[in-house]
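In: Need coordinates for the below:
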Amino acid sequence: MLIIMGAAGSQDDINAMEIHHWYTKFMRECPSGQLCLHEFKSVLGLQGLNQEANKYVEQVFETFDMNKDGFIDFLEFIAAINLVIRGKIDQKLKWYFKLYDADGNGTIDKKELVSIFTAIQAINGNQELSPEDFANVVFQKIDVNNDGELTLDEFINGVESDQHLLEMISKSFDLSNVLKVIQSGRRHSI
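Out: Residues are numbered from 1 along each chain as shown. Coordinates of the predicted model:
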């Protein structure tokens with residue numbers, strides 16, 4: 001039995017039936033066993049996006065491509081699904097941080113946050129805040145040393161200690177609804 005991120009038999013594991021479902025879908029979409037970016041978009045039903053949304057999907061793909069070989073294999077794919085659907089909040093926050101840190105320098109600046117939030121709005125539709133307002137709120141609340149950059153520690157500690165910000169980030173950036181629609185076999189309309 002394949003155990004993903006958890007103890008054998010725990011409620012948080014993806015069960016064998018779910019793994020079989022995802023494996024069938026994965027192999028149908030990419031018989032080679034390696035998912036390229038184009039196939040990733042197809043699996044998620046995210047083709048024909050505008051430039052901002054497309055950039056976001058590419059960043060998601062890159063964060064899931066753990067070995068950086070340009071492909072997502074089934075283990076990377078199932079680990080990503082498990083994280084998005086069942087991951088603990090600190091695991092998700094680390095993943096969000098990695099996603100937002102577009103240049104990979106270990107910090108998030110306002111420009112990166114505005115860019116990723118703009119892209120997410122292009123996929124998810126209207127949000128309650130503009131990308132600029134969202135970035136300002138995040139930095140005002142959690143940029144402890146006011147240097148205009150968020151470290152991983154600042155980000156995780158700041159978001160975990162502010163329930164409103166945690167809810168806002170989780171709601172805005174969570175892919176679980178997309179994945180749950182796919183898992184149930186219905187197409188997600190953008």
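In: same for the one helix or strand residue 117 maps to, what does it pack against?
Out: Assigned by DSSP states H and E, residue 117 belongs to helix 110-124. Counting contacts by 3 or more CB pairs under 8 Å, 6 or more residues apart in numbering; DSSP states H and E, helix 110-124 is packed against helix 51-64, helix 89-100, helix 131-142, helix 163-173. In short, each C-beta sits where N, CA and C put it, glycine included.
In: Can you tell me what sits against it?
Out: Under the contact criterion CB atoms under 8 Å, 6 or more residues apart in numbering, helix 110-124 has outside partners 46, 49-50, 52-57, 59, 99-103, 127, 131-132, 134-136, 138-139, 148, 172-173, 190.
In: again, only this time at 6 Å
Out: Outside helix 110-124, the residues that touch it by CB atoms under 6 Å, 6 or more residues apart in numbering are 50, 52-53, 55-56, 100, 102, 127, 131-132, 134-135.
In: Send me it as CSV with only the CA atoms.
Out: This file holds the C-alpha atoms of helix 110-124, laid out as CSV (Å, rounded to 0.1, in the frame of the first residue of the first chain):
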residue,chain,number,x,y,z
LYS,A,110,4.9,43.0,-2.8
LYS,A,111,5.4,42.7,-6.5
GLU,A,112,5.4,38.9,-6.3
LEU,A,113,2.3,38.8,-4.1
VAL,A,114,0.4,41.2,-6.4
SER,A,115,1.4,39.2,-9.5
ILE,A,116,0.3,35.9,-8.1
PHE,A,117,-2.9,37.3,-6.6
THR,A,118,-3.7,38.9,-10.0
ALA,A,119,-3.2,35.5,-11.7
ILE,A,120,-5.4,33.7,-9.1
GLN,A,121,-8.2,36.3,-9.6
ALA,A,122,-8.0,35.5,-13.3
ILE,A,123,-8.8,31.9,-12.6
ASN,A,124,-11.2,32.2,-9.6
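In: Mind checking the pLDDT average for it?
Out: Helix 110-124 carries an average pLDDT of 80.
In: Great, nothing more from me.
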